[in-house]
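[1] The following comprises the amino acid sequence and a computationally predicted model.
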Amino acid sequence: MARTRETARKIPTKTAVQKRGKKEKHTAKSTKPAKPARSAKPANGGKHIVRRILAQDGEKYLMDWIPSWEDVTIIDDPENAQALVDWNDNKKAKLTFTFDGRTVLRSTNPTEDDADITVRAMMDKIFRHFRNFMRGDPGDMAALLFPDHDWAFATEADANTAVNIFNSTAHLRQTAPPTSAAETMRRTYVQMRTLHQTTFRATDLTYAAISIKYLGQIDPNLETLSADTPNRTPQSPLQHLAPLFAHEYKDINPRKWATPAHLHTALLPLHNLATSFITSAPYILAHPQALLFTRLFYTSDALAPLLRAATGVRLTSSWPDHSRDACLYAYMQQAGDSRAVDCVERTYLAARDGVMWAVKDAGDDHDDNVQGERAGEAQGVYVVLIESEDE
């Protein structure tokens, strides 16, 4: 008898389905439902914990991470055992159906994934996740952004200068002199956060006179000390850090983006901020919140050559797909979006197209009375945007 394949007929989801065509009236008393407590997910050393099983083919299971057929030995462990139990319970309860090569399973209704309200919600969350990421604790952010192996003094003289500067100002603090370029970057970053400014002069910063080179990679398939890193241009800590302190991200408030014209005004400076990340602060792109924000404004085809021309940082041909998947899974976990990843990707692509179009065209072609087919579509998306709930 030919092997059959079982597929889930009913997949539970945590995301509430919003009714189409209805607008909620907000009164003085909040009607928002209480947010469910988020349970801490254990670290698993690079493995992705199984969220659920989508289908079974003999001894292989289709998992809800980057979709692939996995052997039973991969998921039959304490961290993933519950997903296997749930799958077997669904089979016993006849919540699955058998299909062959002549049938196709549609994971969701594609028209829901790029609906105005769905796209708007994802856009809002990406921007807010980025804003909150940039506002993280200064000490924690310094440790995250500046690992020791990614930074080096431009010359031995710069390393000696850092020690000499510390010795001349040691009365101001009770710490040891910086022992690495990364530590110099961390101290300068924390100092800049403490000043609560968006523009800085060299005289504001202790280690502004030192030159430091970024040696890291944003593509995990490349080694830190690869052939191109010696050719990278050294910069002062202020030059490396200035894009992270631009006032644009501090003003992110999607609830104020009521029309395409408003959206253009708000997104244009954010587009410039994303450009500065690519050309002056590539290290920030190693983190999914900042990378997903940047990729709303740049396709990978545009990002890669700009990055290499400006900084010398190169990317492999597999980076666009792998980095997009990593960003989407990070978004799904942070946003509590339990849809299949291909559904989330459809929403993301629609959001990216809307953002790029608004930056390019909306300011010139549109006013409060938007006309034209494309403008009408944008008007629908962006009017919905302002009615989405803030988190």
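    Thanks, I have the structure now.
[2] distance between the helix or strand hosting residue 85 and the chain's centre?
    Per DSSP states H and E, residue 85 falls inside helix 81-92. Here the centre of mass of C-alpha atoms in helix 81-92, compared against the chain's by Cα atoms, centre = their mean, to the nearest Å, lies 32 Å away.
[3] Could you look up the next helix or strand downstream of it?
    Per DSSP H and E, the first helix or strand lying C-terminal to helix 81-92 is strand 96-99.
[4] same for that following strand, what does it pack against?
    strand 5-8 (3 or more Cβ pairs under 8 Å, 6 or more residues apart in numbering; DSSP states H and E). Yep, even glycine has a C-beta here, placed from its N, CA and C like the rest.
[5] Report the mean confidence score over the strand it packs on.
    Regarding strand 5-8, the rounded mean pLDDT is 49.
[6] Please apply the same query to stretch 349-368.
    For stretch 349-368, the mean per-residue pLDDT is 74.
[7] and what of stretch 291-305?
    The average pLDDT within stretch 291-305 is 95.
[8] Can you give me the buried ones in that stretch?
    Neighbour counts over stretch 291-305 (16 or more other Cβ atoms under 10 Å) mark 291, 292, 293, 294, 295, 296, 297, 298, 303, 304 as buried.
[9] Ok, stretch 232-248 next?
    Neighbour counts over stretch 232-248 (16+ other Cβ under 10 Å) mark 232, 234-238, 240-246, 248 as buried.
[10] Endpoints of it, how far apart?
    For stretch 232-248, the first and last residues are 27 Å from each other (Cα to Cα, to the nearest Å).
[11] Then residue 61 would be within a strand, right?
    Yes: the assignment for residue 61 by DSSP: H, G, I helix; E, B strand; the rest coil puts it in a strand.
[12] hang on, isn't it packed against residue 53?
    Yes: using Cβ atoms under 8 Å, residue 61 is in contact with residue 53, at 5.1 Å.
[13] shared neighbours, these two?
    Counting by Cβ atoms under 8 Å, 6 or more residues apart in numbering, the contacts common to residue 61 and residue 53 are 75, 84, 87.
[14] so what's the first one up against?
    Applying Cβ under 8 Å, 6+ apart, one finds that residue 75 lies in contact with 50, 53, 61, 63, 81, 83, 84.
[15] Which two of these have the greatest separation?
    The most widely separated members of those, counting by Cβ to Cβ, are 63 and 81 (13.4 Å).
[16] And these two? Which one has more around it.
    Applying other Cβ atoms under 10 Å to residue 63 and residue 81 shows that residue 63 carries more neighbours, namely 22 against 12.
[17] Okay, and the beta partners of the more buried one?
    residue 53 (DSSP bridges).
[18] Give me the neighbour count for residue 356.
    When neighbours are defined as other Cβ under 10 Å, residue 356 has 17 of them.
[19] What residues sit buried inside the helix or strand harbouring it?
    Under the criterion of DSSP H and E, residue 356 resides in helix 341-357. Using 16+ other Cβ under 10 Å as the burial criterion, the residues of helix 341-357 that qualify are 341, 343-344, 346-348, 350-352, 354-357.
[20] Also stretch 145-157?
    Under the neighbour-count criterion of 16+ other Cβ under 10 Å, stretch 145-157 has 145, 146, 150, 151, 152, 153, 154 buried.
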